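J.: One predicted model, sequence on top.
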Amino acid sequence: MIKIFTLITLPLLLLASPPPWYVDSNLKTQHNEYIGYGSGDTRTKAKEDAKADISSSIQSTIESTLSIHSQENDNKYSSRTTSNIESFSSVELSDLKQVHSEEIDGKWYIALKYVNLPFAKKVRKRFTSVKHLKRETNQYLTSTRLLKELKDEFGFYPNITIDKNILMIGDKSFPISSDTLKKLFSSKRSKNITLDIPKKIKHEEFYFIKIKPKEKAYMTLVQIYENGESSILFDNKKVAKNQKVIFPNPEDYNGLEAYLNDTDTKSKDLTIAVLCNKIKDFSYFDYVSTSKESYAKVYGKIFDAIDGCETSSSIMSINR
């Protein structure tokens, strides 16, 4: 008996190969640069994969640094190396540059670059010349750690503008991470206005803010929180020389309540007492309410609003 077989040819399923630059992972880098490689069904997923790759590389650097330092110094870390390690561990991948992107048969391949430099050094690298830049004269801002670090790089205090979480110097913009925001928190003392507030406090404890102006003027009290939210406690209160002001009024309230978000174990609040010789417009900002609080991340505009006024400020740490 003869059997006849029919040859059935099935189409070969060819899987698309990743591009060579992705497979080799050999894009050139300079000192303090990390490149992360990622892939995914969408561009967004590929970027997230690349971010995770950068984070993994940075973590490996931390662990290697710790290991070497432990061997050399018998577990006694120098403050300099510990500081460097902390700067690695607290890095926020908010300033990434895409160096390669390719889509093959519906799959994305992306390479992102992160430059691991202090914020001020990153900013300065964007300028070939700084002669045309304006100088910052805001008394509060020039007292902050951020402006002092920028001065070290520029040779002067560069004029800055902050809109939400973006810092502008000249025609260039830079995203502000939470670590950079903290560098805008400053404890500053003015001879014309004293500010008394707890330095440390527990979550859900109550406290009062005590202020005393040394001259007749208009007083405003501002708070800015670590996540960038801000509020006006009161504004343009007409005060006499040496008049003591307590906020909130102890006859009506138990005080302000210090609190943390559910996911936080600690945080910092910045309180600024402002003394101006004329009424300032704070209508743009959110005001604290005893019934419902609402906040906006407009702290940059607050710095503009208090420019030209006397300020005293204090940082309060909140812990569980």
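T.: Looks like it arrived, so ask away. Numbers count the residues shown, from 1 in each chain.
J.: what stretches of the stretch 51-200 of the chain score poorly on pLDDT?
T.: Residues of the stretch 51-200 of the chain meeting the criterion pLDDT under 70: 61-95.
J.: quick one: the helices in it?
T.: 79-89, 119-125, 145-154, 178-182 (DSSP state H, counting those that start in this stretch).
J.: Please apply the same query to the stretch 201-320 of the chain.
T.: So, for the stretch 201-320 of the chain - with DSSP H, counting those that start in this stretch - the helices run 299-305.
J.: quick one, strands of the stretch 151-300 of the chain?
T.: Under the criterion DSSP state E, counting those that start in this stretch, the stretch 151-300 of the chain carries strands at the ranges 161-163, 166-169, 172-175, 193-196, 200-202, 206-207, 209-213, 217-225, 230-239, 245-247, 256-257, 266-276.
J.: Include mean neighbour count and distance to Ser101 when you put these into a markdown table, please.
T.: For every residue, glycine as well, the C-beta is placed using N, CA and C. A markdown table is the format used below for these (neighbours: other C-beta atoms under 10 Å; distance: least, C-beta to C-beta, whole Å):
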| stretch | mean neighbour count | distance to Ser101 |
| --- | --- | --- |
| strand 161-163 | 17 | 29 |
| strand 166-169 | 17 | 24 |
| strand 172-175 | 14 | 20 |
| strand 193-196 | 18 | 51 |
| strand 200-202 | 13 | 48 |
| strand 206-207 | 13 | 51 |
| strand 209-213 | 20 | 51 |
| strand 217-225 | 22 | 37 |
| strand 230-239 | 17 | 37 |
| strand 245-247 | 17 | 53 |
| strand 256-257 | 16 | 48 |
| strand 266-276 | 21 | 37 |
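J.: Kindly reformat those as JSON lines containing distance to Val123.
T.: Below are these laid out as JSON lines (distance: least, C-beta to C-beta, whole Å):
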{"stretch": "strand 161-163", "distance to Val123": "13"}
{"stretch": "strand 166-169", "distance to Val123": "7"}
{"stretch": "strand 172-175", "distance to Val123": "6"}
{"stretch": "strand 193-196", "distance to Val123": "30"}
{"stretch": "strand 200-202", "distance to Val123": "32"}
{"stretch": "strand 206-207", "distance to Val123": "36"}
{"stretch": "strand 209-213", "distance to Val123": "34"}
{"stretch": "strand 217-225", "distance to Val123": "21"}
{"stretch": "strand 230-239", "distance to Val123": "23"}
{"stretch": "strand 245-247", "distance to Val123": "36"}
{"stretch": "strand 256-257", "distance to Val123": "35"}
{"stretch": "strand 266-276", "distance to Val123": "22"}
